[in-house]
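Undergrad: sequence and predicted model, in that order:
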Amino acid sequence: MLKMMAVRQNFPKSPPLDIATTLRREFKPDVKRGASIAVAAGSRGISSYASVIAAVIAILKDAGAKPFIVPAMGSHGGATPEGQRGLLAEYGITEEAMGVPLRDSMATERLGTTEEGIPVNFSAEALRADGIVVVNRVKPHTDFIGKVGSGLMKMVAIGLGKQAGAAACHAAGQRFGLERVIQSVSAISLKEAPLLCGVAILEGLYYETV
């Protein structure tokens, strides 16, 4: 007879984090005064996402830059500007709350083609900026295990690729695997697009920002 018993494991909660202070200490963007900077924000339910985005924007403004927000979520939100703007609003990321424009066009430009033959698409709005700051949570991917999971590189390859880029990457992922696709596509984007830096968010066991 198999005996079973219920077991509960309790993990300690992470200490409180002052997001604005932490970012002012760790995020020091090298930008010219008057430079337009696209802040890429995604569609995942990230804890304190609005606070992180707001702090990034404040630091960029203090450096003399002119930031704006670009949805970087591939085809999420129904692959429409209104849908993607609505998703960001659910997290408290709006033009009014952030104090900067939100440019939600789904238009892309072709940056090149990978050696596997994957077309590399990239947000046209982001490409018009002098620099791009990618803000995303970093964690293991739910569909594969590898050196690259769900984080900054995925946002560069798929999120900023908008619907066209996401479709191309996911189709190629069936043949080559998503990790290889993310690495190949993001390598071209990093070379051809004005990507300035990334802000990586980590979460604790209770999904709190740490």
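TA: Structure's in. What do you need? Numbers count the residues shown, from 1 in each chain.
Undergrad: what about stretch 149-165, start to end distance?
TA: 17 Å (C-alpha to C-alpha, to the nearest Å).
Undergrad: scratch that, stretch 116-136 is what I was asking about
TA: 27 Å.
Undergrad: cool, and stretch 2-9?
TA: End-to-end for stretch 2-9, by C-alpha to C-alpha: 22 Å.
Undergrad: so how far is that stretch off the chain centroid?
TA: 40 Å (C-alpha atoms, centre = their mean, to the nearest Å).
Undergrad: any idea of the mean pLDDT in that stretch?
TA: Across stretch 2-9, pLDDT averages out at 92.
Undergrad: pretty sure residue 136 contacts residue 160?
TA: No: the pair residue 136 and residue 160 does not pass the contact test of C-beta atoms under 8 Å, sitting 10.5 Å apart. All C-beta spots, glycine's among them, are computed from the backbone N, C-alpha and C.
Undergrad: more neighbours: which of the two?
TA: residue 160 (32 against 25; other C-beta atoms under 10 Å).
Undergrad: tell me which residues in stretch 165-181 are buried?
TA: 165-169, 172-173, 176, 178-181 (16 or more other C-beta atoms under 10 Å).
Undergrad: now render those residues as TSV, adding distance to residue 65.
TA: Formatted as TSV, those follow (distance: C-beta to C-beta, whole Å):
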residue	distance to residue 65
165	25
166	28
167	32
168	31
169	30
172	35
173	35
176	37
178	33
179	33
180	35
181	32
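Undergrad: which one of these is nearest residue 113?
TA: residue 168 (9.9 Å; C-beta to C-beta).
Undergrad: contact partners for the spatially closest residue to that closest one that is not a sequence neighbour?
TA: Among residues not flanking residue 168 along the chain, residue 119 sits closest, at 5.2 Å (C-beta to C-beta, 6 or more residues apart in numbering). Counting by C-beta atoms under 8 Å, 6 or more residues apart in numbering, residue 119 touches 110, 113, 164, 168.
Undergrad: of the residues you listed, grab the buried ones for PyMOL.
TA: Selection of buried members from the contacts of residue 119 for PyMOL, criterion 16+ other C-beta under 10 Å:
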select buried, resi 164+168
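Undergrad: out of the contacts of residue 119, which are inside strands?
TA: 110, 113 (DSSP state E).
Undergrad: among the contacts of residue 119, which two are most distant?
TA: 113 and 164 (13.2 Å).
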